[in-house]
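[1] Quick one, what's the 3D model for this:
(4 chains)
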4 protein chains.
Amino acid sequence: MIVVLKPGLSKKDESAVLKEIRRLGYRPHVIRGVARTVIGAIGDERTHQSLEALGNWPQVEQVMPVQKRYKFVSREAHRADSTVPVREHLIGGKKLHVMAGPCSVEDERQLLTTAEAVRQAGATILRGGAFKPRTSPYEFQGLGEKGLKLLAKARRVTGLAIITELLAEAHVELVAEYTDIIQIGTRNAQNFQLLIAAAKTGKPILLKRGLAMKIEEWLLAGEYVLANENPHLMFCERGIRTFETYTRNTLDLAAIPIIKQESHLPIVIDPSQGAGRADLVIAMCKGAVAMGADALLIEVHPNPAEAWSDGVQQVSLDQFARLMQELRPFIAAAGRE
Amino acid sequence: MIVVLKPGLSKKDESAVLKEIRRLGYRPHVIRGVARTVIGAIGDERTHQSLEALGNWPQVEQVMPVQKRYKFVSREAHRADSTVPVREHLIGGKKLHVMAGPCSVEDERQLLTTAEAVRQAGATILRGGAFKPRTSPYEFQGLGEKGLKLLAKARRVTGLAIITELLAEAHVELVAEYTDIIQIGTRNAQNFQLLIAAAKTGKPILLKRGLAMKIEEWLLAGEYVLANENPHLMFCERGIRTFETYTRNTLDLAAIPIIKQESHLPIVIDPSQGAGRADLVIAMCKGAVAMGADALLIEVHPNPAEAWSDGVQQVSLDQFARLMQELRPFIAAAGRE
Amino acid sequence: MIVVLKPGLSKKDESAVLKEIRRLGYRPHVIRGVARTVIGAIGDERTHQSLEALGNWPQVEQVMPVQKRYKFVSREAHRADSTVPVREHLIGGKKLHVMAGPCSVEDERQLLTTAEAVRQAGATILRGGAFKPRTSPYEFQGLGEKGLKLLAKARRVTGLAIITELLAEAHVELVAEYTDIIQIGTRNAQNFQLLIAAAKTGKPILLKRGLAMKIEEWLLAGEYVLANENPHLMFCERGIRTFETYTRNTLDLAAIPIIKQESHLPIVIDPSQGAGRADLVIAMCKGAVAMGADALLIEVHPNPAEAWSDGVQQVSLDQFARLMQELRPFIAAAGRE
Amino acid sequence: MIVVLKPGLSKKDESAVLKEIRRLGYRPHVIRGVARTVIGAIGDERTHQSLEALGNWPQVEQVMPVQKRYKFVSREAHRADSTVPVREHLIGGKKLHVMAGPCSVEDERQLLTTAEAVRQAGATILRGGAFKPRTSPYEFQGLGEKGLKLLAKARRVTGLAIITELLAEAHVELVAEYTDIIQIGTRNAQNFQLLIAAAKTGKPILLKRGLAMKIEEWLLAGEYVLANENPHLMFCERGIRTFETYTRNTLDLAAIPIIKQESHLPIVIDPSQGAGRADLVIAMCKGAVAMGADALLIEVHPNPAEAWSDGVQQVSLDQFARLMQELRPFIAAAGRE
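    Residues are numbered from 1 along each chain as shown, chains lettered A, B, ... in the order given. The predicted structure is shown next:
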């Protein structure tokens, strides 16, 4: 930690700060600058008690952490890229994976039609919500276990792996029984109890970025998974909340090179949530692939205008097939399969 | 709903939209404007299936909801101000309540010292975290049930009511057994399963605003509580996330008059989280009181620089006593007690 | 400056950084921590060439400035509060000033009616736009010089001082000839050439905060005025842009205690722009006064629904009189006149 | 416009609103819904006086514009893509253009070295700041006319076209005399007087997006250029301000398909400002090209660590050559040259 002192302190005031730094288990190192005196507090910031509260002292102008707070998710901890095994697939390897399917599982026909179509177009993983977090209590909340059973059936029929969202600790066992990947949604990205419970199932976890989550906080939320001994984590960028209203969210594609730089874990892009508009999904997929995404998560519906949730951002089966076609040259340019 | 059509549609394209609107259970009403044709779709937007997905149709430029999506929390549903009973107190009435105490419960001495001091200064409710949601898994996570027991002891000794955060469905019964008010934190503000579980205890609930939550979404999260038959809800503004870095968050004090306008429920302000700096807390309390807040939630610690969490934003016992003193004229000016 | 090195550097790589720091005129001071090596670069950050570019070197993880970049606007430069003289008034002293008037000057009758009414209600300064920055080229752009002449006439008739916006260098002389305070609007808050030109007139300047301006950047924009030898500067908070859509902007009232802490200059609050809704203006004024604002800037119109610009956020003459009445107890509570 | 009335209005209150709508030159059309009465106000929203102020009436809940406010920049006004001629080049056509060069022009050697290197790597336009808008008055403000002369010399020597920023009305003639493209920077994106002055030179204009500018506002700022009879406009996305601090700004790549959808004008991406970090520039260029950008604007410096401004975000000559190499397959995949 770096502790910046206010200008013009007495010797006594300065000593009190130094004493406190030592009491907290750090070794202080004083630098007298031209306009400010700065103390380097030497010690492991992750395990020692934080010096942050010193910021509250009248003598102190600012406390600045130096060390990164995440460990297991960090590129420093693991130099090579990690891959996450999902049935016969590896996410984070040479092959770009596409996870596609409806926002909500609605009925067998809707799900099987979609699953078959996305498989034919080249997707390897089927997405579909069985439990839906909805802004309003009056909106469709998902089919629950019935939805999970339909997903399992679609897997049997098509051979696709499946991903579905977990939104309550009470459902952990149930969801883990059916799904191949547990999705933690944006609203629960800092629901740490849920993250721990999900981690303990040992299943691969896809952690969406929270609407107002800094990259550092996202990495730390991921740290909850790895610190609970589950190494199978993927980060998923799906747009952050900004002042812009043309799109529902602002898809922060810079998250791709940043996650690659800071972490060894795979990064997935969800352009459907990111844009909130089907007409922007294709362009965003191209950008994501070009920038190095390991997988895409795309909402597809046989008839978006009749979808029970988020119809406006789901692409149709035809649009999806065209999208997969148009992506090919970019996948090749990115050196992926 | 208002459906705005793109310019230059053929009769056939327009008919298809009208047909779909009827199929979804709305009655369409066409207005031909100078530059656009607009359709008013008549029907209850809360119970009918949403028209939103029409936004996906090539014929449609925009779909705009007209009706408010919340019902029970709405001022339309209940003209008079509602009060929330907490032991012998009523929150939302003439008396301004102050909830004060440490960020985290650390030990008996810390808690009882604080409780006694805040009681003497005029607080009526003791706050203190027993389960702490922490950005990093390596930070102090709270004393758990031991913390709850200490809060109960402080209540016995001082007569203060207590408020503490619930952060996992698994703890609902345990927390409800001890606390007088259940706090739902900012990271769980859209953890709807937790909200429902908390609502079902029948305990008063204080719902903090999420970091990136629009007022409308906050009201809808509150709707989950009332729709689950618990009328004892308070909203708590604690700062939203913006680009500004001088303060940890941006306290949106406009939320006070807005909640008063849109809802009948009490509004509480948390200046400690809002500012993230103890030196701004007094000014923010004054503003909150002047603007009509029903209660304040303030972090107080006997020695902030030694706090186990968030020391930088906790005020000392002396500062708290001074704060309560300085607030008096503003409480009087606001016509409160 | 603090330069944080990446872990595991060779001696040679580290030396190169030290050499560069010396070359740039700083004295390096090395601290070897547990997980990172940190270099304190001693020297005046304001006058020496910036070390920031070192952040680009492969050896460097982070470069953190220690010193504040503003000088004349800083509280360190001038311990006591500064006041700004405007005709017979002093802004920033014991008296709270209210600047009120229409968004745009429309005609003599509108302006004089408003001026007379706000004077009677207690305002001391008349606001009114003669040159209007409008988002669309098809909106009313102000009366120009004719508007300035009407403002001067209103000053003659009522004795109120006047404030009006300057939005082009080409108008500097013209506007300075008529107005008592030059307003720099939010869209021009970092139009540094305009700031310099305005500063050189010697007139008092009211500098609105830009929509996306951090407090530090705002102080630095103010530094342009003082560095050009005009000490008569007021800061004016008018709301920043966030994701919230209920209000047009988010009024950041924390700016009041922050500006008081960081600077010696007066702080003015504009609740009309801040809320963008007349019905929230009264509550926001109360909060601003309680938190220590030195002046308020309020849009008032004889018939807001007929205003040529921003009608939705202007209060009527009656509402303004009531507002001034309701503010009285809060002004007293804040120890102001 | 759509005017939503509050529920439960008397006949008389409703009539008053209808009367006002007629008085403002619109034809009202009433739709009685289940929970709300809605009025469609028929008329041209761009030329008639705005109904917005009705939002202030006690009878009115909301006023929603239906029509787009921009005209000449709109895709509706011009179905085909427009190209902007810059010397022998066309921007917005099949060829992807790269504008590259230093943040600031520093001296002849620095500029000519860079110009020659970027030309060889494939750039067609040389960028370089002669007048620099700097957050602090104590930072390097550019060489002024001397910088312009150096740019002209570099053009003579290399044959590259040039682009440089205009930041004051007072410099319009001077800058226009030298440059091929006038750049309007992010801080002046809503400095409408500057936009008008720049438009009147007839030179091609590159309009950067303001830090807090919605797409709609950006299009309207562009409308100022076309409405002043200069059709040669390019939009340039360079990142918006959000809460994320890892990058200096958040590059909103969705702006590419959105501008293509809403407008016929070219879209340029500036990844250097967008990221504020040289190490992210390559990935962002790839994303921009894949998503359909017409040109890139990249900061390049022979020795970024010695740059007089923004060193941290400039790439070196080598990095730039590599970048151009790595972009090739993506340019081909996007069907560009």
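
[2] quick one, helices of the stretch 101-250 of chain A?
    For the stretch 101-250 of chain A, the helices defined by DSSP state H, counting those that start in this stretch cover A:108-121, A:145-158, A:172-178, A:192-200, A:215-227.

[3] Next, format the ones you listed as TSV and append distance to chain C and mean pLDDT.
    No exception for glycine: its C-beta is placed from N, CA and C like everyone else's. Below are the helices of the stretch 101-250 of chain A laid out as TSV (distance: least, C-beta to the nearest C-beta, whole Å; pLDDT from 0 to 100):
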stretch	distance to chain C	mean pLDDT
helix A:108-121	32	97
helix A:145-158	31	98
helix A:172-178	31	97
helix A:192-200	24	97
helix A:215-227	12	96
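
[4] number of nearby residues for A:Ala321?
    Residues lying near A:Ala321 (other C-beta atoms under 10 Å in any protein chain shown) number 17.

[5] my read: it touches A:Glu116, true?
    No - using C-beta atoms under 8 Å as the test, A:Ala321 is too far from A:Glu116 to be in contact (11.8 Å).

[6] so A:Ile125 bridges to which residues?
    Listed beta-bridge partners, A:Ile125: A:Met99, A:Ala161 (assigned using DSSP bridges).

[7] so what's it up against?
    A:86, A:89, A:97-100, A:160-163, A:180-181, A:295 (C-beta atoms under 8 Å, 6 or more residues apart in numbering or on different chains).

[8] between those residues, which is nearest chain B?
    A:Ala100 (16.6 Å; C-beta to the nearest C-beta).

[9] Count the neighbours of the closest residue to A:Glu173 other than its chain neighbours for me.
    Leaving aside its sequence neighbours, A:Glu173 sits nearest to A:Thr201 (C-beta to C-beta, 6 or more residues apart in numbering or on different chains; 7.8 Å). Neighbour count of A:Thr201, defined by other C-beta under 10 Å: 17.

[10] and A:Thr201, how far is that from A:Trp57?
    44 Å (C-beta to C-beta, to the nearest Å).

[11] re earlier: wait, the residue nearest to A:Glu173 sits on A:Ile181?
    No - the pair A:Thr201 / A:Ile181 is not scored as a contact, 10.9 Å apart, by C-beta under 8 Å.

[12] how near is A:Cys103 to B:Gln59?
    With the distance defined as C-beta to C-beta, A:Cys103 ends up 22 Å from B:Gln59.

[13] Look at the two and report which has more neighbours.
    The neighbour count for A:Cys103 versus B:Gln59, taken as other C-beta under 10 Å, is higher for A:Cys103 (24 against 18).

[14] Now do the contacts for that one.
    So A:Cys103 contacts A:Gly129, A:Lys132, A:Ser272, A:Glu299, A:His301, A:Ala307, A:Ser309, A:Asp310, A:Gly311, A:Gln313, A:Gln314 (C-beta under 8 Å, 6+ apart).

[15] Among those residues, which ones are in strands?
    Counting by DSSP state E, the part of the contacts of A:Cys103 found in strands is A:Glu299.

[16] what's the first-to-last distance across stretch A:119-128?
    Using C-alpha to C-alpha, to the nearest Å, one end of stretch A:119-128 lies 14 Å from the other.

[17] and if you look at stretch A:248-264?
    Span of stretch A:248-264 from end to end, C-alpha to C-alpha: 29 Å.

[18] Is chain C within reach of it?
    No - figure legend: stretch A:248-264 not in contact with chain C (C-beta under 8 Å from any C-beta of the partner chain); closest approach 9.6 Å.

[19] gap between that stretch and the chain center?
    Distance of stretch A:248-264 from the chain centroid (C-alpha atoms, centre = their mean, to the nearest Å) equals 9 Å.

[20] And for stretch A:67-75?
    That offset, for stretch A:67-75, works out to 16 Å (C-alpha atoms, centre = their mean).

[21] what about that stretch and chain D, touching?
    No - using C-beta under 8 Å from any C-beta, stretch A:67-75 stays clear of chain D, coming no nearer than 11.8 Å.

[22] now check that stretch, is it near chain C?
    Yes - under the criterion of C-beta under 8 Å from any C-beta, stretch A:67-75 makes contact with chain C via A:Gln67.

[23] can you list the residues that contact that stretch?
    A:44-46, A:76-78, A:216, A:219-220, A:222-223, A:226-227, A:231, A:233, A:261-265, B:135-136, B:138, C:33-36.

[24] what's the neighbour count on the residue of the stretch 51-200 of chain A found nearest chain C?
    Nearest to chain C, among the residues of the stretch 51-200 of chain A, is A:Gln67, at 4.9 Å (C-beta to the nearest C-beta). By other C-beta under 10 Å, the residues close to A:Gln67 number 18.

[25] Now the closest residue to it other than its chain neighbours: which helix or strand?
    Once flanking residues are discounted, A:Gln67 sits nearest to A:Glu45: 4.3 Å by C-beta to C-beta, 6+ apart. Here A:Glu45 is covered by no helix or strand, with elements defined by DSSP states H and E.

[26] okay, now A:Glu45: neighbour count?
    Neighbours of A:Glu45 (other C-beta under 10 Å): 23.

[27] thought it was touching A:Gly25?
    No - contact between A:Glu45 and A:Gly25 fails when scored by C-beta under 8 Å: they sit 10.7 Å apart.

[28] Selecting buried members of the contacts of A:Ile125 in PyMOL, what would you type?
    Here is the PyMOL command that picks out the buried ones among the contacts of A:Ile125, judged by 16 or more other C-beta atoms under 10 Å in any protein chain shown:
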select buried, chain A and resi 86+89+97+98+99+100+160+161+162+163+180+181+295
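
[29] buried sites along stretch A:81-92?
    By neighbour count on 16+ other C-beta under 10 Å, the buried set for stretch A:81-92 is A:Ser82, A:Thr83, A:Val84, A:Val86, A:His89, A:Leu90, A:Ile91, A:Gly92.

[30] will you turn those into a markdown table that also has secondary structure, pLDDT and distance to C:Ala333?
    A markdown table is the format used below for those (DSSP: H, G, I helix; E, B strand; the rest coil; pLDDT from 0 to 100; distance: C-beta to C-beta, whole Å):
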| residue | secondary structure | pLDDT | distance to C:Ala333 |
| --- | --- | --- | --- |
| A:Ser82 | coil | 97 | 60 |
| A:Thr83 | coil | 97 | 64 |
| A:Val84 | strand | 98 | 60 |
| A:Val86 | strand | 98 | 63 |
| A:His89 | strand | 97 | 66 |
| A:Leu90 | strand | 97 | 66 |
| A:Ile91 | strand | 98 | 61 |
| A:Gly92 | coil | 97 | 61 |
